[in-house]
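Undergrad: Task: produce atomic coordinates for the following.
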Amino acid sequence: MGVVHHSHYLIWFEVGRTELMRSQGRSYASMESDGIFMPVVEAQCDYVASARYDEEIQVETTVKSATRIKVEFSYRILRAADGRLLASGRTVHVATDGEGIPRRMPPEYLAGLLAGGEEAS
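TA: Okay, here's the model as predicted:
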């Protein structure tokens, strides 16, 4: 069929999140070293048009809201060649410790997320 499998969009969301955090000077690896984990507790994706194999895409990621416990990211997947929207969605994450118990994020992590803005990758 030449169409990208629907599950790849969630992977692209993760790449967008990772790059957004990296652009803010924080990485998931550094958060986890500090004992802060951000598991996905909710994910939603609206498919608009199909991405095709070997087609370049662009991922736009923003922090929609953030508290010391919960963060919501929003995403737009675009075809790089013409800017056509392929999918949009969101994920919700809860800050936990290494045992999966909810915990508050340190203020510096929250400030970095709220400074969020947008990153395209």
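Undergrad: for the protein, which spans come out with low pLDDT?
TA: 116-121 (pLDDT under 70).
Undergrad: so who does the residue nearest the centre of the chain touch?
TA: By C-alpha atoms, centre = their mean, the mean C-alpha position of the chain lies nearest to residue 17, the distance being 3.0 Å. The contact partners of residue 17, by C-beta atoms under 8 Å, 6 or more residues apart in numbering, come to 61, 73, 91. Quick note: C-beta positions are derived from backbone N, CA and C, even for glycine.
Undergrad: switch to 7 Å and redo it
TA: 61, 73 (C-beta atoms under 7 Å, 6 or more residues apart in numbering).
Undergrad: Can you classify it by secondary structure?
TA: Assigned by DSSP: H, G, I helix; E, B strand; the rest coil, the conformation of residue 17 is helix.
Undergrad: Tell me the spacing between it and residue 69.
TA: Counting by C-beta to C-beta, to the nearest Å, the separation of residue 17 from residue 69 is 17 Å.
Undergrad: would you list every one of the helices in this structure?
TA: Using DSSP state H, the helices found in the chain span residues 8-23, 28-33, 107-114.
Undergrad: nearest to residue 48, of those helices?
TA: helix 8-23 (10.6 Å; C-beta to C-beta).
Undergrad: Pull out the buried residues from that closest one.
TA: 9-10, 12-14, 16-21 (16 or more other C-beta atoms under 10 Å).
Undergrad: for stretch 37-52, same thing?
TA: 37-38, 45, 51.
Undergrad: which residues does residue 56 contact?
TA: 80-81.
Undergrad: one more time with 10 Å
TA: Residues counted as contacts of residue 56 (C-beta atoms under 10 Å, 6 or more residues apart in numbering) are 78-81.
Undergrad: which one of those residues has the most neighbours?
TA: residue 78 (20 neighbours; other C-beta atoms under 10 Å).
Undergrad: Check the spacing between the closest residue to residue 90 other than its chain neighbours and residue 13 real quick.
TA: Nearest residue to residue 90, sequence neighbours excluded (C-beta to C-beta, 6 or more residues apart in numbering): residue 74, at 4.8 Å. Note on residue 74: its distance to residue 13, by C-beta to C-beta, is 9 Å.
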